[in-house]
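> Provided below are the primary sequence and the corresponding predicted coordinates.
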Amino acid sequence: MDKQTEAKTKFNFGDFYAKLGPLVALIVLIILVSILNFSFLDPLNLLNLLRQVSINALIAFGMEFVILTGGIDLSVGSILALSGAFTAQLVLMGVPAFFAFLIGMVTGGIFGALNGILIAYGKAAPFIATLATQTIFRGATYVFTNGNPITGAKMSSNFGFQFFGQGYLFGIPFPVYIMVLFYILAYVLLHRTTFGRKTYALGGNPRAAFVAGVKNNKMIIWVYTLAGFLSATAGMILTSRLASAQPDAGVAYEMDAIAAVVLGGTSLAGGKGKMFGTLIGALIIGVLNNGMNLLGISSFYQQIVKGIVILVAVLLDRKQAKK
Amino acid sequence: MDKQTEAKTKFNFGDFYAKLGPLVALIVLIILVSILNFSFLDPLNLLNLLRQVSINALIAFGMEFVILTGGIDLSVGSILALSGAFTAQLVLMGVPAFFAFLIGMVTGGIFGALNGILIAYGKAAPFIATLATQTIFRGATYVFTNGNPITGAKMSSNFGFQFFGQGYLFGIPFPVYIMVLFYILAYVLLHRTTFGRKTYALGGNPRAAFVAGVKNNKMIIWVYTLAGFLSATAGMILTSRLASAQPDAGVAYEMDAIAAVVLGGTSLAGGKGKMFGTLIGALIIGVLNNGMNLLGISSFYQQIVKGIVILVAVLLDRKQAKK
Amino acid sequence: MEIDMQHISKSFGPNVVLKDVNFSVTGGEVHALMGENGAGKSTMMNILTGLLEPNGGVIKVDGQETHFANALEAEQHGIAFIHQEMNNFVEMPVLDNMFLNKEIKSRWGFIDNDKMKALANASLDRLGMKVNLERPIGELSVGQQQMIEIAKSLMTDAKVIIMDEPTAALTENEIQKLFTVIKSLKAQGVGIIYISHRMEELFAISDRVTVMRDGLTINTYKTAETNVQQIVHDMVGRDLGDFYPDRNPKFGDTMIKVNGLTSRGVFKDISFAVRSGEILAFSGLMGAGRTEIMRAIFGIDKLDAGTIEINGETVQISNPNEAIAHNVGFLTEDRKSEGLILDDSIADNIDLPSIDGFTKHGLIDRKADREFVELLMKRLTVKATSADEEAGSLSGGNQQKVVLAKWVGSGSQVLILDEPTRGVDVGAKREIYDLMNELTDRGTAIIMVSSDLDEVLGFSDNIAVVYEGQLMGIVPTATASQESVMTLATGGER
Amino acid sequence: AVSLTPPSFGNKQVTKKAKDKLKVGVSLSTLSNPFFVSLRNGINDVAKKNGTTTEVFDAQNDSSKQSSDIEDLIQKKVDVIIINPVDSDAIVPAVKDANNAGIPVIACDRGSNGGKLLTTVASDNVKAGQMAADYMKSKLPKNAPVAVLEGTPGADAAIQRGKGFDQHAKNYLKVITKQSADFDRAKGLSTMENVLQAHSDIQGVFAQNDEMALGAVKAINNPSMVVVSIDGEPQGLTAVKQGKISGDIAQSPKVEGELAIKAAYKHYEGKKVAKNIASPIHLVTKENVDQYR
Ligand SMILES: Nc1ncnc2c1ncn2[C@@H]1O[C@H](COP(=O)(O)OP(=O)(O)OP(=O)(O)O)[C@@H](O)[C@H]1O
Ligand SMILES: Nc1ncnc2c1ncn2[C@@H]1O[C@H](COP(=O)(O)OP(=O)(O)OP(=O)(O)O)[C@@H](O)[C@H]1O
Ligand SMILES: O[C@@H]1[C@H](O)[C@H](O)CO[C@H]1O
Ligand SMILES: [Mg+2]
Ligand SMILES: [Mg+2]
């Protein structure tokens, strides 16, 4: 094989993109937007942007694990809504914000575990299992909320509750801290622990992982639990930010999260990708949304531009070609 | 994994389900609904049901080919909307209905071919490529329609145009004939021609198929073209039926089509499945929607029930386990 | 350590693989396990290491009845397993592969890469290997990957090492290194279970041989007290006579002629011709570029320069479809990834390259198609319950025959066979040679790429030798010797 | 260091500004419903006439996107934000953000349940539901069985129209089924087909918007069926003219938009703007439809 590798080394754009491409794409995008509208670089706008990104980023961190195992989770948006509704209800019932959040996040993890069990023990394809639970969790959210947003004075007057999504610490929006914290945790978990290694192994070659003594089923369940937990965390930010739990919160969020993961250079086939890439992917989407708004591009064209950007990034990253 | 395979062999329910399960599930469902609400069996209801099913079924026939190659097409709903809008515009411009339909369907095929080219030559993962074109085609629809439904006297007074989706022939809704016609064509194409054999080969092992002389890229493009064409055909029915082209027509239709394919026993991993199963899958979803409406089940619970039915069917069909 | 497997039985559904097999190994010995493809050798080892559950029988380790829940547990008890199918994560670095699921952790629970690197390097040193541990393992040659697999087992302080066809992808040089290591392990009291289809190897290193067939243990011998004929007889249940059938070729016109084939960085200026009725063997060290040449001829890879003539006509082949149209067939070296659609039926595999010929009014003529498939199955004696059986459920030898059937059926007049007998047992090998004879008798031109020098010398008409992407020469088999071919293959003078 | 307000904004309180100097930010709930396209047109037409710049964002029915959109509008330092909320509760923090930035906010079509608003331009959805019930009562005998096609679950308009309808329908009409059709035409059609199948005896249908009604009428063959809906969008009015829809409680999305931007002008002329500006609703029937088309 050496000869071929050699022949390739001159300049392999695919390889280059996988390593640095997403970052370069992000920088190019930022430069472009800044030139076209100078106020993009206003610190306040950047802080806003980071806050906007935080929700998608958190979901994407979990999605990264899922996709690395070769799976996919379409139910993240519904989990976000359902756990958000639980938390809102708890706050209305007088539960202190901190515990309400904690319970909401754990509930999200439990929903995720359910996905994991269906996939690990039920042997259901992740796509279809989570498509089904997407519908189920969404229906459950409507039933639980009776179709109405959950809101009330106990929420809009509760400082702790509001702080999570709306607050500022040293002038920086609190959700940004949460995003950074979970990025570090996810990064360490994926790249510095055996859990991360097993995640890659599972996606790279599940049979071989099994042979190497990896408990595939257990791993799958944990990975989906993590995805559920992180989606619920994003749900906490959203619920707090809107001071209300919307029954239709998070619809189609899975798509943005998947796009972030893929833009970050992770292969949908599993086994290949970096947490850093996913962070960059989420930022690309965020800059794109924010930038197009600042540039005043009509929402119809925004969709077209967004689709094209995803397409271009993915075409540059032809690594899938080898599969 | 081996330990599990082993335990299953005595009576392999998975195998049974793959062969007859979907049909049995459909029959059980029909019996259940009929007992709970007798008017379900009313011939008029059954005709309605078939007409309602026709749109999803047409899309699902195309999706079956795509999924058999190991791909997926998330853009079908957007193609439906965009080609529907074109056709409506053409009719308004005075183009005879027949040609307007034809052009609309061919346009759909061209959009599908675009997906195919991105996947075949761009080597983009089907999921992400069609996710991007979903957004792009939808945006294009909004731009084209300027966000307004396209409608007008030329449409509501044009018999040919209205007949396609609203008409009856010998008492049976015309869309039902279209569904049956395309079912037969799709069935023959998949099970009786070399095109079908190559579709399976591509999904079973693309590299082996290539070495055996299959032109993978050409096949991929044709398969997505077919999916686009059939989605556009569904779009013609919908546009004619509503006598108007809605810019947001077909949103999330890909999910119902994929569910139909999977309920019909086709493996999302590709290479395995039957056209008959997909027809049954589409009918299951149709009976479910129609039946739950007849039974007056609240739309909140409808989602939960639908999710559970998909889940149960998929858990029974453990064929994916082997992958 | 002493391992004793007694009365092991195992079925997969209706397929009874092991009826009653006994096998044992003691510290300090090399015990070879022999049997045809599908005899159940790997299955025995999977049972020993907890990867499969036996239906019956007991496993005793040092006299104690034992049952491992999984491979990791077996390894922790001192049994290392070098698998036949490489269990690699191609995208992951070599280091991560070597330590998967047994990573060394620092005090804080994080992975300690430095410690792991030191250990990995120490083990690779024993095999005289130098590898960049950060590289994705998939970028290494199959041989190197195999060596790493061996290095992995050396890291574990194993008392018994199972080697399931460890040399299938190794070069002569690497095999010798492996044998040196095996000898030193033996001296340290490590027991080794050795599985291989290469007869010469077991006579080189084993102390005992056990042969299994039809789910039973046929015999266990001291290696010194038996011979090849005896073992082959036990394996296939009859005498095979000569290992290689005679060649009585009648050469006709030149069927394929290539000129100056070049693919930059892979091979350069390759020219040769093959006549009808001829077997031209391609010999060379592993990685010499033979497979790449054949892939380029068949249109899978791109050529940078050169021409191809078939039947005297210059042709353009830019994909396999066009090669097939010119009646070229190609049995790829890796039948699982490129030769077969494992989930599809035998029938669907065999007729795939020919399917366009079976259309009537645009539809497949199913009757003609089925007759075609059944004829081929019979002709190649594919052992299967029916043409509808999944190709993936066949034994290796039978899978190979299905791939051959596919190319015989497509009417190949030029047939390229890349390692046609690799991993195939002696009985099936013999059947493949007989078939090749029959094809050449009917005028087919065969190109046989083989890394088995015995086979090259024993069953070809001419030998082309490739060294580092260059054709060193073509010699008539009749005048060739092991030494002369090896000299060319290692870049010696022409 | 801990607070709910962003770090200092240059609060430039301007009270007067010429129309052609004004920059108006608009955040709409969705542009995939013609109703809001009309609303946007109302704003844009007036703006164009006066040389005002507008910046229109489409939240695609997602509250969280809407709050991002509003952040971006604040960032663009528009002079006023016209908000058509996806949800009246979820919009509150975004309204407060605008308040903090010193940008006046006008709510349009739907209100905000908190924050400081310059004014709310809306038609009364509860009242619209009541009017729909009243009209249906006038057309049907007591205890006539009727069906309701509800809008998107959770949408303000759906909840309030349902509430208004129920208030006035009870004790007279027999609502035998309520099904959601998501304010969508295609769903209105298939849901109606199924409803008719289950309850062939129904005599009236209340569709909570025109889109669903336009779908539903395609499923209805009975000419005496009383279909009542809300919106008064052009295609709805055509259906009224044709007698397919018996009564349509017409709001005037275009007028709503016009009123909203005119309120902004008034504010920047230094005049006081009323807390609530009612956008008119009327019952449109075959008899008076030509007035409204
Ligand atoms: N998939 C691959 N990726 C990168 N390099 C490759 C690949 N396959 C082969 N090579 C390289 O191409 C060259 C030729 O290899 P090739 O497999 O053709 O050799 P060969 O003589 O057929 O030996 P073998 O018996 O191992 O197949 C080698 O340098 C090898 O490392
Ligand atoms: N997991 C499994 N499920 C079903 N059948 C299996 C499984 N594993 C092995 N078999 C079957 O058991 C038989 C023995 O296979 P095994 O791999 O042990 O043979 P082997 O002696 O190692 O052959 P080879 O020399 O080709 O490696 C074969 O018929 C094979 O198809
Ligand atoms: O008033 C509008 C329209 O009725 C629309 O159809 C749905 O949303 C409401 O707010
Ligand atoms: Mg084996
Ligand atoms: Mg080779």
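Yep, that arrived. None of these values were measured; they are calculated from a predicted model. Ligands and ions are numbered 1, 2, ... in the order given.
> Residue of chain D closest to chain C, please.
Relative to chain C, the nearest point of chain D is D:A1 (30.6 Å; C-beta to the nearest C-beta). Where C-beta positions appear, they are placed from N, C-alpha and C, glycine not excepted.
> Hmm, A:F170 and that residue touching each other?
Yes - between D:A1 and A:F170 there is a contact at 4.8 Å, judged by C-beta atoms under 8 Å.
> C:H67 belongs to a strand, doesn't it?
No - C:H67 sits outside any strand when classified using DSSP: H, G, I helix; E, B strand; the rest coil, being coil.
> in the sheet, who's paired with C:I192?
For C:I192, the beta-bridge partners under DSSP bridges are C:V30, C:I161.
> Spell out which parts of chain C neighbour ligand 2.
Within chain C, the positions near ligand 2 by C-beta under 6 Å from any ligand atom are C:12, C:15, C:17, C:35, C:37-43, C:84, C:393, C:395-396, C:425.
> If we use 5 Å, what do you get?
Within chain C, the positions near ligand 2 by C-beta under 5 Å from any ligand atom are C:F12, C:V17, C:N37, C:G38, C:A39, C:G40, C:K41, C:S42, C:T43, C:G396.
> any idea which of those residues is closest to chain A?
Closest to chain A out of these is C:S42 (11.8 Å), distances taken as C-beta to the nearest C-beta.
> now the host helix or strand of that closest one, how far from the centre of its chain.
Secondary structure from DSSP states H and E places C:S42 in helix C:41-48. Relative to its chain's centre, helix C:41-48 lies at 18 Å (C-alpha atoms, centre = their mean, to the nearest Å).
> Please save the CA atoms from it in CSV.
The C-alpha coordinates for helix C:41-48 follow below in CSV (Å, rounded to 0.1, in the frame of the first residue of the first chain):
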residue,chain,number,x,y,z
LYS,C,41,-11.4,-25.3,12.9
SER,C,42,-12.2,-21.7,13.6
THR,C,43,-15.4,-22.7,15.2
MET,C,44,-13.5,-24.8,17.7
MET,C,45,-11.3,-21.9,18.6
ASN,C,46,-14.3,-19.6,18.9
ILE,C,47,-15.8,-22.0,21.3
LEU,C,48,-12.5,-22.2,23.3
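> now the helices: where do they sit in the stretch 1-150 of chain A?
A:2-9, A:13-36, A:43-68, A:76-92, A:97-120, A:126-145 (DSSP state H, counting those that start in this stretch).
> what about the strands in the stretch 101-250 of chain C?
For the stretch 101-250 of chain C, applying DSSP state E, counting those that start in this stretch gives strands covering C:160-164, C:191-195, C:208-213, C:216-222.
> Report the contact partners of the residue of chain D closest to chain C.
In this structure, D:A1 makes contact with A:L169, A:F170, A:G171, judged by C-beta atoms under 8 Å, 6 or more residues apart in numbering or on different chains.
> how close does it get to B:L295?
D:A1 sits 57 Å away from B:L295, going by C-beta to C-beta, to the nearest Å.
> Then D:I103?
For D:I103, the distance to B:L295 - C-beta to C-beta - is 50 Å.
> cool, and C:K177?
Going from C:K177 to B:L295 by C-beta to C-beta gives 74 Å.
> Likewise for D:N276?
D:N276 is 43 Å from B:L295, by C-beta to C-beta.
> quick one, which of these two is more surrounded?
Neighbours per residue (other C-beta atoms under 10 Å in any protein chain shown) separate D:N276 from B:L295, with B:L295 holding more: 16 against 13.
> So for the more buried one, what's the pLDDT?
Per-residue confidence (pLDDT) for B:L295: 87.
> Over to D:K65?
Predicted confidence (pLDDT) for D:K65: 88.
> That one contacts D:A59, doesn't it?
Yes - in this structure, D:K65 is within contact of D:A59 by C-beta under 8 Å, at 4.8 Å.
> okay, the two: which has more neighbours?
Taking neighbours as other C-beta under 10 Å, D:K65 and D:A59 compare with D:A59 leading, 25 against 19.
> Give the full set of residues in contact with the more buried one.
Contact analysis of D:A59 by C-beta under 8 Å, 6+ apart lists D:S27, D:L28, D:S29, D:T30, D:K65, D:Q66, D:D69, D:V86.
> Distance-wise, check C:T490 relative to chain D.
67 Å (C-beta to the nearest C-beta, to the nearest Å).
> wait, what's in contact with that residue?
Neighbour list for C:T490: C:L285, C:Y467 [criterion: C-beta under 8 Å, 6+ apart].
> who are the neighbours in contact with whatever residue of chain C ends up closest to ligand 4?
Residue nearest to ligand 4 within chain C (C-beta to the ion): C:S42, separated by 3.1 Å. Contacts here follow C-beta under 8 Å, 6+ apart; on that basis C:S42 touches C:Q84, C:D164, C:I195.
> Dump the residues of chain C next to ligand 2 to a markdown table, plus pLDDT.
As requested, the residues of chain C next to ligand 2 are arranged in a markdown table below (pLDDT from 0 to 100):
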| residue | pLDDT |
| --- | --- |
| C:F12 | 86 |
| C:V17 | 90 |
| C:N37 | 82 |
| C:G38 | 82 |
| C:A39 | 88 |
| C:G40 | 90 |
| C:K41 | 93 |
| C:S42 | 91 |
| C:T43 | 93 |
| C:G396 | 80 |
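> Could I have the buried ones of those as ChimeraX selection syntax?
Applying 16 or more other C-beta atoms under 10 Å in any protein chain shown to the residues of chain C next to ligand 2, the buried members can be selected in ChimeraX as follows:
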select /C:17,37,38,39,40,41,42,43,396
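> Leaving out sequence neighbours, find the closest residue to residue 32.
Using chain A here. Using C-beta to C-beta, 6 or more residues apart in numbering or on different chains and skipping the chain neighbours, the partner closest in space to A:L32 is A:G291 (7.8 Å).
> meant chain D, my bad for not saying
Nearest residue to D:S32, sequence neighbours excluded (C-beta to C-beta, 6+ apart): B:D248, at 4.0 Å.
> List the contacts of that neighbour.
Listed by C-beta under 8 Å, 6+ apart, the contact set of B:D248 reads B:A81, D:S32, D:N33, D:D184.
> Next, it: phi, psi?
With angles defined as degrees, to the nearest 10, B:D248 sits at phi -100, psi 20.
> From D:F183, how far off is it?
Following C-beta to C-beta, the distance that separates B:D248 from D:F183 is 10 Å.
> shared neighbours, these two?
Common neighbours of B:D248 and D:F183 (C-beta under 8 Å, 6+ apart) are D:N33.
> which residues touch the spatially closest residue to C:I317 that is not a sequence neighbour?
Of all residues not flanking C:I317 in the chain, C:G299 sits nearest, at 4.2 Å (C-beta to C-beta, 6+ apart). Applying C-beta under 8 Å, 6+ apart, we find C:G299 in contact with C:I317, C:S318, C:N319, C:P320, C:N321, C:E322, C:A323.
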